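quick one, what's the 3D model for this:
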Amino acid sequence: MKPLYALLTASLWLAACAPVSAQGPKPVPPVQPMSFEAAWERVKASSDRLAAAQAAVDGKTLQQQGLKGLGGPVVSVSAAAYAYNANLDVNLDPINQRLTQLNQRLPIPLQNLPIPLPVPQFPSSYTFNRHDTGTTQSISAVWPLYTGGAGDAVRGLVAAQGSEAQADADKTGHELATQLVQRYFGAQLAVKAAALRQAALNDIGQHDAATARMLAAGVISRIERLQARAAFEEARRNAMKAQDDAELAAVALARTVKSDLPVQPATPLFVLTQAVEPLPHFLNQALLRHPGLAKVNAKKAQAEQLHHGEQALRKPQVFAFGQRALKTGNADWIGGIGVRWTLFDAVDRNALAASSNKQIEQAERSETQARSDISLLVEKNWRTLEQARRQFLATAPGIELAREVLRLRSAALREGTGTALELIDAEVNQAKVETERAQVAYDYVTALANLLESCGLSEEFSSYARRADVKVN
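As a prediction, the model looks like this:
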């Protein structure tokens, strides 16, 4: 009876699984296929964050251009139109008194002449008024001949600020590249996981329907039917969650590349089965190209230029000057050379110089610490990448084993020597190991992106993708 029972079980199973419910395909929204290189170009062209960083660089570049002539001659033209009214009160009492004294000293006073003459008298005061209108025009020039290096210090400070802005822009670019890797291949991983979960759900759904018919035929127990139903419900929950994750990842990728349509990644997940360059290669590149070190060096240069500026203020300043009235004929003019040297200032220049020296020391110590931190980060990322590579290679036996188990379970069920639950477990396990393999590949590409970012080599990510000998489609 056992062979007959097995044959009946297999027949019912095949009859239940053969017909697939004919449902029309779900409408697929339009998508935009996009390679990773194309996505990166779109990010560079449309990222507001990168544009803001580049605007800071451009602003400092323009500021440097504007200060190229600092310390040169300054020529200015001035003109004025004026009107004035001036009053001057003159006291004449002293003059009157003097006239009276002179009259008394005469041999014959004027009052004693045959014809008496009055002593002339002026008013006690007189108001003098003058008013006029006019214009004046002149041209003047000042040319600093020696400023103790203040102009060079200012230009050097702005140049160092430009270097800092460029370092910030480079850092932003590397961070955006890593973020794009995470979202681009993360969306691909989510789609693959959702497809695997959905495929498992479809298969388990067929098995669930088959166990229902087999239970009605009395060839399986109720506990087996309930176990198959529980497996189907779990697969349905997993498929729904995977689909939600895939939709969210797709939205994140579309917004990253500023696309109105969902983006379909065209560059697959990849793995280089051979190790990348050795650790010393990446350490050397990091110490040469990491934007963090460039920023620390720019900070140090700014502190040095501030120190030079403080020292310049202690030195004398020599300048030439000239001015001439703008009019025809014999115009007024003046010209000469001046010297200005501050002998005493309420500001403590010694303290300011000591402060700038401390800033230089701070920058130097920060550079030493940054080199140590960056080296440690690069080594960590390199080891993480190598670990992901080895883990991916280690998944190959598991994939082959899961496929073989699934094949054997399917054959056993057809022959009546296996159960539906065993086949369901095999299908779930295959979906699991396939998803884990894709997850390890994703861990590999994100570890590679982190390593390249820590070395200032994010632009080389695409070259590694082209070198990859394993594509996880």
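
can you map out the strands along the protein?
Taking DSSP state E as the test, the strands found in the chain are 32-34, 74-91, 125-146, 263-265, 269-271, 317-325, 333-340, 470-472.

and those strands: which comes nearest residue 215?
strand 470-472 (39.7 Å; CB to CB). The way it works is simple: take the backbone N, C-alpha and C, and place the C-beta from them, glycine included.

strand partners (parallel or antiparallel) of the closest one?
In the sheet, strand 470-472 lines up against strand 269-271 (antiparallel) (DSSP bridges).

got the contact list for the strand it pairs with?
Residues from elsewhere that reach strand 269-271, judged by CB atoms under 8 Å, 6 or more residues apart in numbering: 185, 188-189, 192, 389, 392, 438, 441-442, 444-445, 465, 468-472.

could you chop this protein up by domain?
2-18+27-72+152-314+348-472, 86-134 (automatic domain parsing).

average pLDDT for the longest one?
Spelled out, it's domain 2-18+27-72+152-314+348-472. Mean pLDDT, computed over domain 2-18+27-72+152-314+348-472, is 87.

please tell me how far it is from the chain's geometric centre.
19 Å (CA atoms, centre = their mean, to the nearest Å).

if we can go back for a sec, deepest of the strands of the chain, which one?
Comparing these by mean neighbour count (mean count of other CB atoms under 10 Å), strand 269-271 ranks first with a mean of 23.

look up how far residue 92 lies from residue 128.
In this structure, residue 128 lies at 11 Å from residue 92, with CB to CB, to the nearest Å as the measure.

repeat that for residue 168.
Plainly put, residue 168 is 79 Å away from residue 92 if you go by CB to CB.

same question for residue 64.
Look at residue 64 and residue 92: by CB to CB, they are 69 Å apart.

list the contacts of stretch 192-212.
Taking contacts as CB under 8 Å, 6+ apart, the residues outside stretch 192-212 that touch it are 12-13, 16-17, 20, 220, 224-225, 228-229, 231-232, 235-236, 238-239, 241-243, 245-246, 269, 420, 423-424, 427-428, 430-431, 434-435, 438-439, 472.

return the alpha-carbon coordinates of stretch 233-244 using PDB.
Coordinates of each C-alpha in stretch 233-244 appear next as PDB, following Å, rounded to 0.1, in the frame of the first residue of the first chain:
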ATOM      1  CA  GLU A 233       1.600  33.300   5.800                       C
ATOM      2  CA  GLU A 234       5.200  33.900   6.900                       C
ATOM      3  CA  ALA A 235       6.300  34.000   3.300                       C
ATOM      4  CA  ARG A 236       3.500  36.500   2.500                       C
ATOM      5  CA  ARG A 237       4.600  38.800   5.400                       C
ATOM      6  CA  ASN A 238       8.200  38.600   4.300                       C
ATOM      7  CA  ALA A 239       7.300  39.300   0.700                       C
ATOM      8  CA  MET A 240       5.200  42.400   1.700                       C
ATOM      9  CA  LYS A 241       8.000  43.800   3.800                       C
ATOM     10  CA  ALA A 242      10.600  43.200   1.100                       C
ATOM     11  CA  GLN A 243       8.400  45.000  -1.400                       C
ATOM     12  CA  ASP A 244       7.900  47.900   0.900                       C
END
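
so that it lines up with my notes, have the first residue be 464 from now on.
Renumbered: residue one is now 464, and that last one reads stretch 696-707.

can you give me the buried ones in that stretch?
Within stretch 696-707, the residues that qualify as buried are 698-699, 701-702, 705-706, counting by 16 or more other CB atoms under 10 Å.

what is the nearest of those residues to residue 499?
The shortest gap between residue 499 and any of the buried residues of stretch 696-707 belongs to residue 705, at 22.8 Å (CB to CB).

now do the contacts for residue 808.
For residue 808, no residue counts as a contact, taking CB under 8 Å, 6+ apart as the criterion.

and the pLDDT at it?
On pLDDT, residue 808 comes in at 78.

need the contact list for residue 932.
Counting by CB under 8 Å, 6+ apart, residue 932 touches 734-737.

in these, which residue is surrounded by the most others?
residue 734 (23 neighbours; other CB atoms under 10 Å).

beta partners for it?
In this structure, residue 734 has beta-bridge partners residue 933, where bridges are defined by DSSP bridges.

where's it relative to residue 848, distance?
10 Å.

look up the residues that both of the two are in contact with.
With CB under 8 Å, 6+ apart applied, the overlap between the contact sets of residue 734 and residue 848 consists of residue 907.

can I get stretch 500-515 as PDB, trimmed to CA atoms?
Listed next in PDB are the C-alpha coordinates belonging to stretch 500-515 (Å, rounded to 0.1, in the frame of the first residue of the first chain):
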ATOM      1  CA  GLU A 500      28.300  56.300 -14.100                       C
ATOM      2  CA  ALA A 501      25.200  58.100 -15.400                       C
ATOM      3  CA  ALA A 502      23.800  58.400 -11.900                       C
ATOM      4  CA  TRP A 503      27.000  59.900 -10.600                       C
ATOM      5  CA  GLU A 504      27.100  62.400 -13.400                       C
ATOM      6  CA  ARG A 505      23.500  63.400 -12.500                       C
ATOM      7  CA  VAL A 506      24.400  63.800  -8.800                       C
ATOM      8  CA  LYS A 507      27.400  66.000  -9.600                       C
ATOM      9  CA  ALA A 508      25.200  68.100 -11.900                       C
ATOM     10  CA  SER A 509      22.200  68.500  -9.700                       C
ATOM     11  CA  SER A 510      23.300  68.100  -6.100                       C
ATOM     12  CA  ASP A 511      22.400  71.300  -4.100                       C
ATOM     13  CA  ARG A 512      24.900  70.300  -1.400                       C
ATOM     14  CA  LEU A 513      27.700  70.000  -3.900                       C
ATOM     15  CA  ALA A 514      26.700  73.200  -5.600                       C
ATOM     16  CA  ALA A 515      26.800  75.000  -2.300                       C
END
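
let me see the contact set for the residue positioned nearest the centre of the chain.
Centre of the chain computed as the mean C-alpha position; nearest residue by CA atoms, centre = their mean is residue 635, 3.0 Å away. With contacts defined as CB under 8 Å, 6+ apart, the neighbours of residue 635 are 512-513, 516.

about what we covered before: could you dump the buried residues of stretch 696-707 to a markdown table with distance to residue 501?
Rendered in a markdown table, the data for the buried residues of stretch 696-707 read as follows (distance: CB to CB, whole Å):
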| residue | distance to residue 501 |
| --- | --- |
| 698 | 36 |
| 699 | 36 |
| 701 | 33 |
| 702 | 31 |
| 705 | 27 |
| 706 | 26 |
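
so residue 499 touches residue 925, yeah?
Yes. Residue 499 lies in contact with residue 925 (CB atoms under 8 Å); the separation is 6.4 Å.
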